[in-house]
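A.B. asks: no sequence on this one, just coordinates:
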């Protein structure tokens, strides 16, 4: 079997790099949002499991933190699939670019 020509390899590499720039890089904000949601979730979880004093001292801040905990858990459920797919795509592009 013949090897690919130099021109073909350059066109393939340019296409892969452009696809990576246009697909993977703009979606990196999804990973950032996922990390923020996880940090809010674990912060709220630690707050309510370790530092919670009981229902006698339930303040407005506790209500706000409970609502953000619920919102963060919903965001984690919604963003988990896209983050996993984005990670697989990113690794696949890196592997394809590294083959040349």
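C.D. replies: Thanks, I have the structure now. Bear in mind the structure is a predicted one, so any value in this text is a computation, not a measurement.
A.B. asks: what's around the residue nearest to residue 24 when sequence neighbours are not counted, how many residues?
C.D. replies: Take residue 24 and drop its neighbours on the chain: the residue closest to it by C-beta to C-beta, 6 or more residues apart in numbering is residue 90, 5.2 Å away. To be clear about C-beta, it is placed using only N, CA and C from the backbone, and glycine gets the same treatment. The local packing count at residue 90 equals 17, with neighbours defined by other C-beta atoms under 10 Å.
A.B. asks: packing partners for the helix or strand containing residue 90?
C.D. replies: Secondary structure assigned from DSSP states H and E places residue 90 in helix 60-98. Contacting helix 60-98 under the criterion 3 or more C-beta pairs under 8 Å, 6 or more residues apart in numbering; DSSP states H and E are the following elements: helix 6-19, helix 28-50.
A.B. asks: now the ones you listed as CSV including distance to residue 60 and mean neighbour count?
C.D. replies: Supplementary listing: these in CSV, determined by distance: least, C-beta to C-beta, whole Å; neighbours: other C-beta atoms under 10 Å:
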stretch, distance to residue 60, mean neighbour count
helix 6-19, 49, 12
helix 28-50, 15, 14
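A.B. asks: who wins for proximity to residue 96 among those helices?
C.D. replies: Of all the helices and strands packed on helix 60-98, helix 6-19 sits nearest to residue 96, with 5.5 Å by C-beta to C-beta.
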